[in-house]
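Engineer: fold the following for me, if possible:
(one chain, ligands or ions: 1)
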Amino acid sequence: MAGVDGADGPRTLGEIASYHAHVYYDPATTRSEAEQLRTWIGERFSVTLGRWHDVKVGPHDQAMYQVAFASEVFPELVPWLMLNHGRLSVLVHPNTTNPKRDHQADPIWIGPALAVHAEKLPEHAEIEYAPAPNTNPVLRP
Ligand code: ZN
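Structural biologist: The predicted structure follows:
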């Protein structure tokens, strides 16, 4: 509970420098769906599409690619992913200075939740602002 002096009040949005959406797929069965979703995202949103990881990497328990985006993109991209993720699971997490908490305690899942090996992540890291977008959106979401 917040104290009267606010010293133990809620965390503030200023902690969030950017967001990631991790789009998971199975290379054997759903890669084409992940490709379709990636194309659709690139056509509609100013984001940074990360490279394909067909094998597990970092804390992730399945093949995936990352979508990095600024806070201003969240109100359109995240609801759009809710409608368009199909059979894919998507992990959306904030980027603060605590990657372990960002992935383990504070994310939202679109589609079925998967395992996240957060023990591989640090509890302190440099703040990660959204990188320059690498998409050229031409369609409205
Ligand atoms: Zn991430």
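Engineer: list phi and psi for Pro107.
Structural biologist: phi -80, psi 170 (degrees, to the nearest 10).
Engineer: these two touch, right, it and Val92?
Structural biologist: Yes: using C-beta atoms under 8 Å, Pro107 is in contact with Val92, at 6.1 Å. For glycine as for every other residue, the C-beta is placed from the backbone atoms N, C-alpha and C.
Engineer: which helix or strand contains the residue positioned nearest the centre of the chain?
Structural biologist: Closest to where the C-alpha atoms of the chain average out (C-alpha atoms, centre = their mean) is Ala21, at 1.9 Å. Applying DSSP states H and E as the criterion places Ala21 in strand 18-24.
Engineer: so for that strand, what's the average pLDDT?
Structural biologist: For strand 18-24, mean pLDDT is 98.
Engineer: list the buried residues in the very next helix or strand once past that strand.
Structural biologist: Using DSSP H and E, the helix or strand that directly follows strand 18-24 along the chain is helix 31-44. For helix 31-44, burial by neighbour count (16 or more other C-beta atoms under 10 Å) applies to 33-34, 37-38, 41-42, 44.
Engineer: and which of the residues you listed is nearest to Pro10?
Structural biologist: Ile41 (31.2 Å; C-beta to C-beta).
Engineer: that closest one and Trp52: what is the separation?
Structural biologist: 14 Å (C-beta to C-beta, to the nearest Å).
Engineer: cool, and Met82?
Structural biologist: Distance, Met82 to Trp52, by C-beta to C-beta: 23 Å.
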